[in-house]
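1. Structure of the sequence below:
(chains A, B, C, D, E and F)
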There are 4 protein chains.
Amino acid sequence: MQVSSLEDVQTSDQMHKAGRPRSEESHRAILDATRRLLTHNSVAKLSVEAIAKKAGVGKTTIYRWWPNKQAVVMDAVFSQPGFHNILPASASSFDGVRAQVDKLMRQLSGKNGRVVAEIIGEAQGDPEALKNLVENFFQDRYNALAGYLEQGKDSGEFPADLDIEAAIDVILGPIVFRLMTGQDFDAAFEENVSLMLRKALAA
Amino acid sequence: MQVSSLEDVQTSDQMHKAGRPRSEESHRAILDATRRLLTHNSVAKLSVEAIAKKAGVGKTTIYRWWPNKQAVVMDAVFSQPGFHNILPASASSFDGVRAQVDKLMRQLSGKNGRVVAEIIGEAQGDPEALKNLVENFFQDRYNALAGYLEQGKDSGEFPADLDIEAAIDVILGPIVFRLMTGQDFDAAFEENVSLMLRKALAA
Amino acid sequence: MQVSSLEDVQTSDQMHKAGRPRSEESHRAILDATRRLLTHNSVAKLSVEAIAKKAGVGKTTIYRWWPNKQAVVMDAVFSQPGFHNILPASASSFDGVRAQVDKLMRQLSGKNGRVVAEIIGEAQGDPEALKNLVENFFQDRYNALAGYLEQGKDSGEFPADLDIEAAIDVILGPIVFRLMTGQDFDAAFEENVSLMLRKALAA
Amino acid sequence: MQVSSLEDVQTSDQMHKAGRPRSEESHRAILDATRRLLTHNSVAKLSVEAIAKKAGVGKTTIYRWWPNKQAVVMDAVFSQPGFHNILPASASSFDGVRAQVDKLMRQLSGKNGRVVAEIIGEAQGDPEALKNLVENFFQDRYNALAGYLEQGKDSGEFPADLDIEAAIDVILGPIVFRLMTGQDFDAAFEENVSLMLRKALAA
DNA sequence: AGGTAACCGAGACGGTACGTCACGTCTTTAC
DNA sequence: GTAAAGACGTGACGTACCGTCTCGGTTACCT
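-> Model (predicted):
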């Protein structure tokens, strides 16, 4: 997988040794074409050949930088600005959790949600892909939540014996569940789940 | 989809008109072969051709009774005895919920879990498949849980304003989440999540 | 290789066991398309994909019956009626040889000659292909010539100690040589070579 | 084509203007690598990329000096010392012809023969390549033979009306024929063919 | 008892996409 | 200006399955 390989290339100014440098134009064109095609097709029906054609790029160029279709799709989707996981400061720890949950639900609304659901789905058959998915998508959310939860345990807002891992399962689970069962996120769901989470995490 | 098509054919004793009757031997052989192959391959790498060969059956016979690979796989997996969802009676409503959760986790342990994860995954690209999945797998669990939750609301064990749908998301979510992120179900997870669910559902 | 596989199928009336029978229409379409394309392209630039497209046939169907492009081309070219090697009766043995030589030169004139030259050329890199080429093209000519030469030895028209194999090399060599060096066959060549052959074979 | 481009560059000592001079080391390395690879692979399976890698040279360097793979191979093979066509003096004209024939057969024995056969083969699809092949390989042999034949005509050893071109076809034909049909050159072939040639050329 | 209808296995069919390979070109830095 | 390095667009390869089709044959019911 190659999420944000852009940075890799530019590490410490000019580390580029010899040979023609990677074409950033092609790189961009590939991810653009992938995103474009995903608005009309499912991941399953998306083909590397179609991406190459749409991007005006050789198939080889795609396979040179990504090992397979899934990797391209993950890169294309997760490198979108909306998917960066920057944490807003919050008054209480639970507000932080809630903000995180809201943000994720917003990210998974509409087309993007379907695509992410398919990405999660396609990764099920391949342990490597699943590992990459966790690293490139879930890890950030996990870390952010873990931060809030630790903070809440320290401040006494959450129980001192709270199991962080299980808490995150309870927080992210409902979202992923709705995503994978094809239901969308409405205000009622958000409100009702939030209510239960508050009680579940209460000290 | 065609889960337990066996029953469909025999409805009201003998209503089949003319022609050679469906071969139950082939039917069984197909599902057996599918299960057998799934212990060595992922759903994605499983091919209808391989099933036909292993079952000693023509490809046509498979396509006559199931519309595609996913349907065969769902049938093969969900028709296993362990996947029947018979509810045990429980003292308290929460115990019922907890029993249901435990059972599901047991069903999704080991190989079966991986296969179900893949089934859920493969269904993401196809709304029809997703609908079938929900009907054939999640609906039963949903109904069972809804029963306990209603009962708990009536008895005052759970809050009177409890939103059933959201509660089920919170109950099933963590399990599906762990399933789809490749983590297995250990005793600690079961215990810690149960603790939080109890608080979340407390009146 | 699969030259005249048509016959193979019809061996002893109806030997067809089970499954959909081979489509003779596709078979014909493939060879036709190949011949058609060879009038505009060299063998090297001919692609199996192009044949499949032009014939309105799946690539798989071609690979099911021929192992590679060369085999298809050989089949397409050598199954043409003009390439059948039926021997005319002759007054003298040398006339038979001469007739055979004339016929071969006629077969290798124009487009067909170029294609055969390419077939011989492409076979050089692959011993298997070379063996097939000899069996499917040269063997017939060899046998026909060997017949005339034996007959001439018996009748005293040719020397009693004539080495058949070497004689055939001397007879066919000049033709193949001109073919492979890109020169065509004119009346002068035919006449002058014939003159020398007559002397070379004289008793 | 660029056979023995070595000479071209060094003409009149030092006439190179500016910039880095051509690397003779690379030039040698390319031809060496080509020869080396040809002992294990057929020309068809030989790739410019493999040559470049084996020679420790950029692909560009190869394409700067030769137009394509065939040209490199021809250069590599025909620039070998054994392929120079120096004529030995002969008592009779036929002995000269025979010596020339023997030499060619020796040159085309073993690995070299296979490679030349492939070179001739690969040239069939491309008129330009065929022209180069004739110029770089056959022309010398043609000229040498034409010399002997003219001399034999003048001296009365050969018929006065002998057609030189046809005679050369008859002389070289059998050798090329055996080469292209995959048979090697044994003493018997050499002797028997020589016998027939002597009769064919007799005055 | 014979007809007929739906089933069955086998396996060929037109397709689509795969991931790989080599082509000949282009674009860097280094000498 | 030439060299090595190596990325680029192109196009074909041979393979794997898809879901459909067409065979010869089999089993049952329904006249």
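2. For the rest of this, base every contact and every neighbour count on C-alpha atoms.
-> OK.
3. Domains in chain A, by residue range?
-> A:12-78, A:86-201 (automatic domain parsing).
4. Could you export those domains as a markdown table, including mean neighbour count and mean pLDDT?
-> Listed next are the domains of chain A as a markdown table, based on neighbours: other Cα atoms under 10 Å in any protein chain shown; pLDDT from 0 to 100:
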| stretch | mean neighbour count | mean pLDDT |
| --- | --- | --- |
| domain A:12-78 | 16 | 91 |
| domain A:86-201 | 18 | 95 |
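5. quick one: which of those domains is nearest D:L133?
-> domain A:12-78 (34.5 Å; Cα to Cα).
6. Tell me how far the residue nearest in space to the middle of chain A lies from chain C.
-> Nearest to the mean C-alpha position of chain A, by Cα atoms, centre = their mean, lies A:F137 at 3.3 Å. Using Cα to the nearest Cα, to the nearest Å, A:F137 is found at 40 Å from chain C.
7. which residues does that residue contact?
-> For A:F137, the contacting residues are A:F78, by Cα atoms under 8 Å, 6 or more residues apart in numbering or on different chains.
8. Tell me the residue of chain A that sits nearest chain C?
-> A:E49 (16.2 Å; Cα to the nearest Cα).
9. so that residue is in which element?
-> helix A:48-55 (DSSP states H and E).
10. what does stretch A:63-78 rub up against?
-> With Cα under 8 Å, 6+ apart, stretch A:63-78 has contacts from A:1-4, A:31-32, A:34-35, A:43, A:47-48, A:83-84, A:112, A:116, A:119, A:122-123, A:129, A:133, A:136-137.
11. Tell me the spacing between the residue of chain A closest to chain C and DNA strand E.
-> Using Cα to the nearest atom of the strand, to the nearest Å, one obtains 4 Å as the distance from A:E49 to DNA strand E.
12. Show me the helices in chain A, by range?
-> A:5-10, A:24-38, A:48-55, A:59-65, A:69-78, A:93-107, A:110-123, A:127-133, A:139-155, A:164-180, A:187-201 (DSSP state H).
13. And the fifth one, how far out from the chain middle?
-> Going back to what we said before, that points to helix A:69-78. 10 Å (Cα atoms, centre = their mean, to the nearest Å).
14. Compute the inter-axis angle for that helix and helix A:24-38.
-> In terms of direction (axes from the mean of the first three to the mean of the last three Cα atoms, to 10 degrees), helix A:69-78 departs from helix A:24-38 by 90 degrees.
15. can you tell which of the domains of chain A is closest to DNA strand F?
-> domain A:12-78 (2.4 Å; Cα to the nearest atom of the strand).
16. which bits of chain A sit near DNA strand E?
-> Residues of chain A found near DNA strand E (Cα under 7 Å from any atom of the strand) are A:16-21, A:45-50, A:59-60, A:63, A:68-69.
17. which parts of chain A sit against DNA strand F?
-> A:18-24, A:26-27, A:53, A:56-61, A:64.
18. quick one, what contacts the residue nearest to A:A117 when sequence neighbours are not counted?
-> Residue nearest to A:A117 in three dimensions, not counting chain neighbours: A:M180, with 5.9 Å by Cα to Cα, 6 or more residues apart in numbering or on different chains. Neighbouring residues of A:M180 by Cα under 8 Å, 6+ apart: A:117, B:120-121, B:124.
19. what does A:L197 give?
-> Taking Cα under 8 Å, 6+ apart, one finds A:170-171, B:200 in contact with A:L197.
20. again, only using 10 Å
-> A:94, A:97-98, A:167, A:170-171, A:191, B:170, B:196-197, B:199-201 (Cα atoms under 10 Å, 6 or more residues apart in numbering or on different chains).
21. how close does A:P174 sit to chain B?
-> Counting by Cα to the nearest Cα, the gap from A:P174 to chain B is 4 Å.
22. With A:A44 instead?
-> 6 Å.
23. Excluding residues flanking it in the chain, which one is nearest that residue?
-> A:A44's closest residue in space is B:G125 (Cα to Cα, 6+ apart), at 6.3 Å.
24. The one you found reaches A:N41, doesn't it?
-> Yes. Shown here, B:G125 and A:N41 form a contact pair, counting by Cα atoms under 10 Å, at 9.0 Å.
25. For chain D, what's its nearest residue on chain A.
-> A:G19 (10.1 Å).
26. roughly how far apart are that residue and D:N68?
-> A:G19 is 22 Å from D:N68, where distance means Cα to Cα, to the nearest Å.
27. same thing with A:N68?
-> 33 Å.
28. Now do stretch A:189-203: distance to the chain's middle.
-> On Cα atoms, centre = their mean, the centre of stretch A:189-203 falls 23 Å from the chain's centre.
29. CA atoms of that stretch as PDB?
-> The C-alpha trace of stretch A:189-203 is given here as PDB (Å, rounded to 0.1, in the frame of the first residue of the first chain):
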ATOM      1  CA  PHE A 189     -29.400   7.500  15.300                       C
ATOM      2  CA  GLU A 190     -26.700  10.000  16.300                       C
ATOM      3  CA  GLU A 191     -28.600  11.300  19.300                       C
ATOM      4  CA  ASN A 192     -29.900   7.900  20.600                       C
ATOM      5  CA  VAL A 193     -26.500   6.200  20.300                       C
ATOM      6  CA  SER A 194     -24.800   9.200  21.900                       C
ATOM      7  CA  LEU A 195     -27.100   8.900  24.900                       C
ATOM      8  CA  MET A 196     -26.300   5.300  25.400                       C
ATOM      9  CA  LEU A 197     -22.600   5.900  25.000                       C
ATOM     10  CA  ARG A 198     -22.700   8.600  27.700                       C
ATOM     11  CA  LYS A 199     -24.300   6.200  30.100                       C
ATOM     12  CA  ALA A 200     -21.900   3.400  29.200                       C
ATOM     13  CA  LEU A 201     -18.900   5.500  29.800                       C
ATOM     14  CA  ALA A 202     -20.200   7.300  33.000                       C
ATOM     15  CA  ALA A 203     -18.000   7.000  36.000                       C
END
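30. which residues sit in contact with the closest residue to chain B within chain A?
-> Closest residue of chain A to chain B, Cα to the nearest Cα: A:G121 (3.2 Å). Contact partners of A:G121, counting by Cα under 10 Å, 6+ apart, are A:43-44, A:115, A:130, A:180, B:117-125, B:180.
31. ok, of these, which one's closest to A:L149?
-> B:M180 (22.7 Å).
32. Could you dump the helices of chain A into CSV with distance to D:A187 added?
-> Converted to CSV, the helices of chain A look like this (distance: least, Cα to Cα, whole Å):
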stretch, distance to D:A187
helix A:5-10, 65
helix A:24-38, 62
helix A:48-55, 58
helix A:59-65, 53
helix A:69-78, 62
helix A:93-107, 83
helix A:110-123, 68
helix A:127-133, 64
helix A:139-155, 78
helix A:164-180, 80
helix A:187-201, 94
